[in-house]
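In: next input, structure requested:
(one chain, ligands or ions: 1)
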Amino acid sequence: MAQLIDGKRISAEIKDEVKARVSAMKAEGKSVCLAVILVGEDPASKVYVGNKKKACEYTGIESLSYELPAETTEEELLGLIHKLNADDKVNGILVQFPLPIHIDAKKVINAISPLKDVDGFHPVNTGAMLNGDAGFLPCTPAGIIELLKRSDVDIEGKECVVIGRSNIVGKPMSVLLLRENGTVTITHSRTKDLKEVCKRADILVAAIGRPKFINSEYIKEGAVVIDVGIHRMENGKLCGDVDFDDVEPHVSAISPVPGGVGPMTIAMLMKNCADSAEM
Ligand code: NAD
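Out: Down below sits the predicted model:
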């Protein structure tokens, strides 16, 4: 039977580490504060923001919540970000995406101070990641590296195949695997013969956004599979980009959905906030 890569357990471990660091900072009179901005009424975004606030409460990080109406102008949002950039009490600024279409997401990302960019999306931080310099790493791919390391999966020298090239998952994932000395292939919607490429993978990361797309035909026997996708099925249950039941008998380790990558993203956000306060 495959090893289950347990994101619930590992994310709890990381949050406990953050909690201890925050408590040590508090003992020295230093607080940690995350500002969370939500624009509009997107129900999924509200759930994500709620989960981030809960994680803040657990770790002892103070959270400032800005829930703005969907009609908020780009100028107003940028004004709030500038105010939070200048506020010494605030260590991290998180803008929940997606934003309403009249707001330019790139402008918003670029407006956040790189020193408070706990999502790791600012070009200064993505550039630092590419160069192997210190900076905030994007939470989902950084969480996947932690999942692999803390599950004793060796990355060095392994054939790593990433499916998806988005700025928040696929691209940074491939850079972080490369930083761990993996031999990395990035695949996407225009890749020819995706199955053959995936079958080379010792470590396969699926970030496609299509429910149960990856079945056993994409898998090399004994591979490690990380499933980033999150989808709500008609029966109300969650599933990933990987057809878990079909793939599991063929792999040495696999992350489930739910309970795999999902909880890691928030845990890494908490870690980035603690890092920011310590910096
Ligand atoms: P995206 O839509 O921005 O990117 C999807 C990528 O998949 C694209 O680069 C595209 O080229 C590739 N793709 C699409 N169809 C393909 C095909 N047929 N063959 C090969 N490649 C194909 O999505 P994203 O933001 O990167 O998210 C991917 C998934 O991960 C989604 O299900 C999303 O909900 C989930 N996600 C989860 C977390 C988490 O915390 N667990 C965080 C971010 C995203």
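
In: spell out which parts of the protein neighbour the ligand.
Out: 140, 163-166, 168-170, 187-189, 191, 194, 207-210, 228-230, 261-262, 265 (C-beta under 6 Å from any ligand atom). Every C-beta, even on glycine, is put in place using the N, C-alpha and C of the backbone.

In: among these, which are in helices?
Out: Assigned to helices by DSSP state H, the following of the residues of the chain next to the ligand qualify: 140, 170, 194, 261-262, 265.

In: enumerate the positions of stretch 67-80 that are buried.
Out: In terms of neighbour count (16 or more other C-beta atoms under 10 Å), stretch 67-80 has its buried residues at 72, 74, 77-78, 80.

In: quick one on the thing from earlier: can you redo the ones in helices among the residues of the chain next to the ligand as TSV with pLDDT and neighbour count?
Out: Formatted as TSV, these follow (pLDDT from 0 to 100; neighbours: other C-beta atoms under 10 Å):
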residue	pLDDT	neighbour count
T140	98	23
G170	98	22
L194	98	18
V261	98	28
G262	96	23
T265	97	24
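
In: those residues: which two are farthest apart?
Out: Farthest pair in those (C-beta to C-beta) is L194 and T265. Separation: 25.1 Å.

In: show me which of the residues of the chain next to the ligand are buried.
Out: For these, buried by 16+ other C-beta under 10 Å: 140, 163-165, 168-170, 187, 191, 194, 207-208, 228-230, 261-262, 265.

In: what ranges do the helices span in the stretch 151-279 of the chain?
Out: 170-179, 194-198, 244-247, 261-278 (DSSP state H, counting those that start in this stretch).

In: how far out from the middle of the chain is the shortest one?
Out: Think helix 244-247. The chain centre lies 23 Å from the centre of helix 244-247; the measure is C-alpha atoms, centre = their mean, to the nearest Å.

In: same check on the last one?
Out: The chain centroid and the centroid of helix 261-278 are separated by 9 Å, computed with C-alpha atoms, centre = their mean.
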